[in-house]
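Take this sequence and fold it.
(2 chains)
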Number of protein chains: 2
Amino acid sequence: MSLIVLGTVALDHVTTPSGAKKDMLGGSAAHFSMSARLFTPVHLVAVVGGDFPEKHLSFLKRKGLDLTSLKIGTGKTFRWTGEYKKGDLNTALTLATELGVLESYVPEIADHQKELPNVFLANIDPDVQMKLLSALKKPELIGLDSMNLWINIKLPSLKRLMKKVHLFVANDGEARALTGESNLIQAARKLSTMGPKMIVIKKGEHGVLFYSKNTMFSFPAYPVDKVVDPTGAGDTFAGGLMGYLSKAKKVNETTLRKALLYATTLASFNVEGFGMTKTATLTTRDVEGRLKTLVKFFSIT
Amino acid sequence: MSLIVLGTVALDHVTTPSGAKKDMLGGSAAHFSMSARLFTPVHLVAVVGGDFPEKHLSFLKRKGLDLTSLKIGTGKTFRWTGEYKKGDLNTALTLATELGVLESYVPEIADHQKELPNVFLANIDPDVQMKLLSALKKPELIGLDSMNLWINIKLPSLKRLMKKVHLFVANDGEARALTGESNLIQAARKLSTMGPKMIVIKKGEHGVLFYSKNTMFSFPAYPVDKVVDPTGAGDTFAGGLMGYLSKAKKVNETTLRKALLYATTLASFNVEGFGMTKTATLTTRDVEGRLKTLVKFFSIT
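Residues are numbered from 1 along each chain as shown, chains lettered A, B, ... in the order given. This next block holds a predicted model:
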């Protein structure tokens, strides 16, 4: 079943120990889509500016994404400039943020998109996330991601939104910041009382923890021995998770475990190249091959 | 097959968010033994002082350990005073260390112990570890643990020792400090060129990574939602690992994976109580039960 994602489409300037790249296609919704498209049709809801390169637009089209609700606004495309230092590739240092068209963005979608059953609210202002959610008629599976910025400056909005979603995806730092619990199991338990029944905590190189009232499980990350650029890994992860669940058409322990294996696999490809160079060229066969290796990696025999 | 372990037996004063305890039985060899005894006969090689409480001695005896080479030296027992702060139970803050009898300790073992096939050099001065190793006639499996202190002040001794061992156990911080590599896979690879063919990197709440030239695998940690006292978790882990391998009588990928599952299981019990309160009362049945839960925890279906 189709999946609709709201988030950012950005121009990223990224410096890592492997090099520096300018004007790369990035943003939460773009990374998410590049991953989710491998499982299901994806509708991208975002805004870019008049300066958004034609090559990026045609690239997104070529990847099969529905761009009906990719708005080209008046102003500049959202830009993010970040750096990862040697020795701590888990932490992005934000050097500059230019909101541009994001500043006044109100998401709008086409009538046929209002009926879509699966939605992911990728990282963007929670008030904007709420607007998209309100426009959907009967979403069956609602996933949500956020970031420390919104926890700091828009906590009431984020909390209101959390009450309306089924699945919440957070990294370990966000989970701790939102709950005040340092133990991740306790943090996940607390998050699950704030609205979302299903909690996914991403631990970067240490893998993932899933928590719901009825089950809890964990997988290690795929072993990547050279991280080139982790930007978008979390969004790529969420794309695999939501993409697989949308394809599976049901959410239960079996599909959730499988979905998180795909999510882990996709995220591992993402970090091996700058921007979405790796995920953009993936085939289903690449993904299945690595998933097998991942499963063997933590097999008990 | 029997297992001989050299390390410390200490009196620990520990403060954690769950409380404070004084004069607890602790030390690397004690924690290791309390875990390994569940798999195989264990010979404990260590020194304590004249002030070592009789109740701790009789406790160790009751647990079935061979205390032939537990020397009662002239002077005071090694004492460690440490604290774990709320929010970071992974990091022990050392408040005081009183070496006492450790200062001049030279390990001596009985003739029949010199023939033992499996040895673990638990955390203690690497020069002392080397002396014990030299006293063994034909060790078949040699495991080694160390700590940041020795990496900082006795690196040449530690490196000499590493050349002589088969299996090296380190936590993530130690692996990074020893190799200068922040990526743990690259760190493990480098460690495996320094002598030990088998590298085990303990990641605390994030589980374990095993690396050798031929294989690499990882397991998440057992989910403990209330860590009471992590002191000795690494030693307890190593006890499960070496204990199981000694019992299995062979080292191959199958036994290594199994051994690390036991190690993970044992460590999870350790952190649930102060000192060795939890591991001291464990039965094989407790361990098998939790191991099953652990395996289900990261099962793919």
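
what residues does the stretch 51-200 of chain A put near chain B?
Residues of the stretch 51-200 of chain A lying close to chain B by CB under 8 Å from any CB of the partner chain are A:Lys86, A:Gly87, A:Asp88, A:Leu89, A:Ser182, A:Asn183, A:Leu184, A:Ile185, A:Gln186, A:Arg189. Every C-beta, even on glycine, is put in place using the N, C-alpha and C of the backbone.

Tell me how far the closest residue to the third one other than its chain neighbours lies from B:Gly275.
Distances taken as CB to CB, 6 or more residues apart in numbering or on different chains place B:Ser182 nearest to A:Asp88, at 7.0 Å, with adjacent residues excluded. Taken as CB to CB, to the nearest Å, the spacing of B:Ser182 relative to B:Gly275 amounts to 33 Å.

which one's the longest strand in chain A?
Identified as the longest strand of chain A according to DSSP state E is strand A:88-98.

what lines up beside it in the sheet?
Strand pairing for strand A:88-98, using DSSP bridges, gives strand A:79-85 (antiparallel).

Buried ones in the strand it pairs with, by neighbour count?
Buried residues in strand A:79-85, defined by neighbour count with 16 or more other CB atoms under 10 Å in any protein chain shown: A:Arg79, A:Trp80, A:Thr81, A:Gly82, A:Tyr84.

Now for the residue sitting nearest the centre point of chain A: which residues touch it?
In chain A, the residue lying closest to the centroid (CA atoms, centre = their mean) is A:Asp235, at 2.1 Å. Contacts for A:Asp235 were tallied using CB atoms under 8 Å, 6 or more residues apart in numbering or on different chains; they are A:Gly7, A:Ser28, A:Ala29, A:Ala30, A:His31, A:Phe32, A:Ser35, A:Ala122, A:Asn123, A:Asp145.

now, which of those sits nearest A:Pro17?
Distance to A:Pro17 across the contacts of A:Asp235 (CB to CB) is lowest for A:His31, with 20.5 Å.

got a list of contacts for the host helix or strand of the closest one?
Assigned by DSSP states H and E, A:His31 belongs to helix A:28-36. Applying CB under 8 Å, 6+ apart, the contact partners of helix A:28-36 are A:3, A:5-10, A:42, A:44-46, A:60, A:63, A:65, A:120, A:122-124, A:145, A:231-232, A:235-240, A:242-243, A:246, A:266, A:270, A:276, A:279-280.

Moving C-terminal from that helix, which element do we reach first?
strand A:42-48.

mind listing what the nearest residue to A:Ile109 once chain neighbours are set aside touches?
Distances taken as CB to CB, 6+ apart place A:Ser69 nearest to A:Ile109, at 4.6 Å, with adjacent residues excluded. Shown in contact with A:Ser69 (CB under 8 Å, 6+ apart): A:His43, A:Leu44, A:Val45, A:Ala46, A:Pro107, A:Glu108, A:Ile109, A:Ala110, A:Gln113.

Now which of those would you call buried?
A:His43, A:Leu44, A:Val45, A:Ala46, A:Pro107, A:Ile109, A:Gln113.

could you dump the residues you listed to a markdown table with distance to A:Leu291?
As requested, the buried ones among the contacts of A:Ser69 are arranged in a markdown table below (distance: CB to CB, whole Å):
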| residue | distance to A:Leu291 |
| --- | --- |
| A:His43 | 25 |
| A:Leu44 | 25 |
| A:Val45 | 29 |
| A:Ala46 | 28 |
| A:Pro107 | 33 |
| A:Ile109 | 32 |
| A:Gln113 | 30 |
